[in-house]
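Visitor: What follows is a predicted protein model with its sequence.
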Amino acid sequence: MKKTVLGGLCAILLSAVSTLAQAETIRIANHGQAGIDAMKSTVERIEKKYGVTVEVIEYPAPDKDYLTKLLTELGAGNAPDLFSIPTTAAVADMVEAGYLAPVTKEFKAWDGYANLYDVAKELAVSPDGETYVMPFMLGIQEIYYRKDVLEKAGISTEQPKTWRELLDRAAEIKQKTGAYGLLFPAGVSWGSGAFDEGFQHLLVGSKTPQLADADGKLDLNGEGIKDVFDVYKELIDKDLMPTQPLLGPEPWVVPKYQLFPAGKLVATTCGSWCYIFDWGRESKNPIPEVTKVVGTWTVPGQNSGQYVLANLAAPWAVNSKSANTELAIKALMEIGSIETQVSYAARIGNIPASKDAAKNADFQKLTELVPIHAAAENGVFLKQASGFGTVSEGVARATEALLRKETDASGAQKILVDYVKETLGDDKVK
């Protein structure tokens, strides 16, 4: 009898040990407390639904440092199973490097696919026609301006129709108020933001509206590139935008969080998150009645057209070297849920990529974001190509030289072209 009981206990113990040994662990890379908090309920749902343990690994918070760490770990074969990608410009390069697992089949079969905005679906497709990311959030960017400052100075708040009108408006602001008229992020310290939050806004309305040719080459010698740098040069040379803060660390702090709230910078590119986190209820330096006194303009084209820029906001992807790719892809689909989208919207201020988010009661409470969510239907974007990460760095270097008044627009374009050629090879550039 004792032997039977002992044998039974041993069997139970062995079974428990075996179960523990077989238990799956999914490792997720995340950064920044807001992002970690936004994923908390999703992590719990994944654990419960699939009977796994989710280990959240916190990487450095600034996007540039996070991406450097992630790429290092991917190259060494030590990266987590799931991770976010802080800039869309890096996706095609990561695909080419073989770091991302394709998820096209599972993504299209996912029950949330049909309700995504078309622009989100299109942004998620890589140059090879496959999808490697979950496009669950959108960054919708425009020009935000101080309506109250303009009205007080007797300056028009009407939508500028061309680059020339935009630049003339900035000059009028400086002349009549003494404030800086317009900011486009620039310089090395701003990192990928010099491209994502500045350069591409103008590029889509230029004579070179796309960088990627059908053959995958990068059209960096186009006339539109030089014209965009000319806009930066005029803003800098005429002292229409603050330059000194852009040359230091954390270059966004002074212009976005100090000068704009004080009315000393009157217009700047920004995204949906700005109404809440930069100048609204979650800001350390809020603007009273922000949605009433801060208006938005679409970005005008060089000679015509109006552009609302749409990006994927930190899309998530699966490590192609994951120990259990199938399970990691299932977890990826959970990240695409409306619940996760709304959680991110509340904590980070980006826009849910699903139309159905508009029906969510918690999202409706985010009154600053609801109208911008509807505008996502009209978003435009740059088609992705391998090498965009290098182009982004090249733009940061080129605009840095303009900030320091070391070159003109043609010279800035040469800095960009030379950097990309040196990094990727001459045959990559048209």
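Guide: Perfect, I can see it now.

Visitor: dump the residue contacts of Val91.
Guide: By Cβ atoms under 8 Å, 6 or more residues apart in numbering, the contact set of Val91 is Ile85, Leu100, Ser126, Tyr132, Val133, Leu312, Pro315, Ala317, Gln384, Phe388. Where you see a C-beta, it was placed from the backbone N, CA and C, and this is true even at glycine.

Visitor: and it, how far is that from Lys233?
Guide: 30 Å (Cβ to Cβ, to the nearest Å).

Visitor: picking that back up, farthest pair in the contacts of Val91?
Guide: Using Cβ to Cβ, the two most remote members of those are Ala317 and Phe388, lying 15.4 Å apart.

Visitor: if we can go back for a sec, tell me which of the contacts of Val91 fall in strands.
Guide: Val133, Leu312, Ala317 (DSSP state E).

Visitor: Check the model's average confidence along stretch 44-62 for me.
Guide: Across stretch 44-62, pLDDT averages out at 93.

Visitor: cool, and stretch 378-388?
Guide: 86.

Visitor: End to end on that stretch, go ahead and measure it.
Guide: 23 Å (Cα to Cα, to the nearest Å).

Visitor: List the neighbours of that stretch that are in contact with it.
Guide: So stretch 378-388 is contacted by 88-93, 95-96, 117, 119, 122-123, 126-127, 138, 140, 200, 203-204, 210-212, 216, 218, 307-311, 420, 424, 428 (Cβ under 8 Å, 6+ apart).

Visitor: Would you mind checking those residues for buried ones?
Guide: Among the contacts of stretch 378-388, those classed as buried by 16 or more other Cβ atoms under 10 Å are 88-93, 95-96, 117, 119, 123, 126-127, 138, 140, 200, 203-204, 211-212, 218, 307-311, 420, 424, 428.

Visitor: In strands, which of the residues you listed appear?
Guide: Short answer: those in strands (DSSP E) are Leu138, Ile140, Tyr307, Leu309, Ala310, Asn311.

Visitor: Export the residues you listed to TSV and append columns for pLDDT.
Guide: Compiled in TSV, these are given as follows (pLDDT from 0 to 100):
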residue	pLDDT
Leu138	95
Ile140	90
Tyr307	91
Leu309	87
Ala310	90
Asn311	87
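
Visitor: What is the most widely separated pair among those?
Guide: Across those, the two lying at the largest distance from each other (Cβ to Cβ) are Leu138 and Tyr307, at 14.6 Å.

Visitor: where exactly do the strands run in the stretch 251-400 of the chain?
Guide: Assigned by DSSP state E, counting those that start in this stretch, the stretch 251-400 of the chain shows strands spanning 267-271, 294-297, 299-300, 306-307, 309-312, 316-318, 351-352.

Visitor: Let me know the average pLDDT across the first one.
Guide: By that I understand strand 267-271. Mean predicted lDDT for strand 267-271 stands at 96.

Visitor: what's that strand in contact with?
Guide: Contacts for strand 267-271 (Cβ under 8 Å, 6+ apart): 139-146, 169-170, 173, 181-185, 197-198, 201, 255-256, 260, 278, 297, 299, 349-350.

Visitor: what about burial for those, which qualify?
Guide: When these are checked for burial by 16+ other Cβ under 10 Å, the buried set is 139-146, 169-170, 173, 181-185, 197-198, 201, 255-256, 260, 278, 297, 299, 349-350.

Visitor: So which of those are in helices?
Guide: Among the buried ones among the contacts of strand 267-271, DSSP state H puts Arg169, Ala170, Ile173, His201 in helices.

Visitor: Turn those residues into a markdown table, columns for distance to Ala401 and pLDDT.
Guide: Below are those laid out as a markdown table (distance: Cβ to Cβ, whole Å; pLDDT from 0 to 100):
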| residue | distance to Ala401 | pLDDT |
| --- | --- | --- |
| Arg169 | 26 | 98 |
| Ala170 | 21 | 98 |
| Ile173 | 26 | 98 |
| His201 | 20 | 94 |
